[in-house]
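Asks: The amino acid sequence is not available; the structure is as follows:
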């Protein structure tokens, strides 16, 4: 876990991570040995090795990590990037929106998922220059029918479920992810402490146990383990480095669902159609439901 990206990429060509990723690459005349790779290893090394071995789709500069966060609607908000790219350009954020839309389509069957750009306010004039430029690109893509752009959203909108997909750079996304994990753990611990203070509180806890258990399960970050590295010519999923057996099982399950629902083909097709449409200047074709 402490190896630098350079060491992982250049000096450890027989590492388990590299061997696993290589199983996704089809040789001439042969199909790939595996459909998807799941790793809980070093994120930077995983990204670098996967990008080197598998390459990215045409039109995509950088892969991005996409994961799920629970929302108040009873479903999940998909968010990317969650740590693969600290510095992003406006064009990168547009690419994330396209790839993330394909992810929502594959997992939820929603062909026109709404896309929100994470910002410090809803107004188009707010945010850094990169965010404002990204907003312009996303609005133009929305006008052309390439994505279903909702507009700027704020952090609380993620857990409200305001949009199906939220786009941000990897620095902001990783802070968001780790903060939400810490907050969920703190809330669970607080409830446990409060309901064990007195005999009366213990009795109240017993009566409320079904609700408390559902809440605990709902905010348990292990349930959402397994972030897809979108943009690669192969399916790679990243589990948290501290994953226990339950968390890793969830990551495996999510990876299996992605392979079964042809996530890789869907991402490729949407990228191809979106950027081909942009180059031609035509409106995007309607997608079948």
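Replies: That came in fine, so what should we check first? No experiment lies behind these values; they were computed from the predicted model shown.
Asks: gap between residue 30 and residue 135?
Replies: 45 Å (Cβ to Cβ, to the nearest Å). The C-beta positions use only the backbone N, C-alpha and C, and glycine is treated the same way.
Asks: Just checking, which helix or strand succeeds the one helix or strand residue 205 maps to along the chain?
Replies: Element membership of residue 205 [criterion: DSSP states H and E] is helix 199-219. Next along the chain after helix 199-219, taking DSSP H and E as the criterion, comes strand 227-230.
Asks: mind listing what the helix or strand just after that next one pairs with, with the direction of each?
Replies: Per DSSP H and E, the first helix or strand lying C-terminal to strand 227-230 is strand 235-238. Sheet pairing of strand 235-238 (DSSP bridges) gives strand 36-39 (parallel), strand 227-230 (antiparallel).
Asks: contacting residues around strand 235-238?
Replies: With Cβ atoms under 8 Å, 6 or more residues apart in numbering as the test, strand 235-238 has contacts from 21, 24, 35-40, 43, 46, 50, 54, 65, 226-229, 251, 254-255, 258-259, 263-264.
Asks: Give me the PyMOL select line for these, limited to the buried ones.
Replies: Selecting only the buried entries of these in PyMOL, with 16 or more other Cβ atoms under 10 Å as the criterion:
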select buried, resi 21+24+35+36+37+38+39+40+43+46+50+54+65+226+227+228+229+251+254+255+258+263+264
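Asks: that older thread, mind checking which of residue 30 and residue 135 has more residues around it?
Replies: Set residue 30 next to residue 135 and count neighbours by other Cβ atoms under 10 Å: residue 135 wins out with 22 against 7.
Asks: Roughly how far does the closest residue to residue 270 other than its chain neighbours sit from residue 5?
Replies: Spatial nearest neighbour of residue 270, chain neighbours left out: residue 102 (4.1 Å); criterion: Cβ to Cβ, 6 or more residues apart in numbering. Separation of residue 102 from residue 5 (Cβ to Cβ): 27 Å.
Asks: ok, the two, which is more surrounded?
Replies: Between residue 102 and residue 5, residue 102 has the larger neighbour count (other Cβ under 10 Å), namely 24 against 15.
Asks: Quick one: residues contacting that one.
Replies: 230, 263, 266-267, 269-271.
Asks: Repeat the analysis, applying 6 Å as the threshold.
Replies: Contacts of residue 102 were listed using Cβ atoms under 6 Å, 6 or more residues apart in numbering, and they are 266-267, 270.
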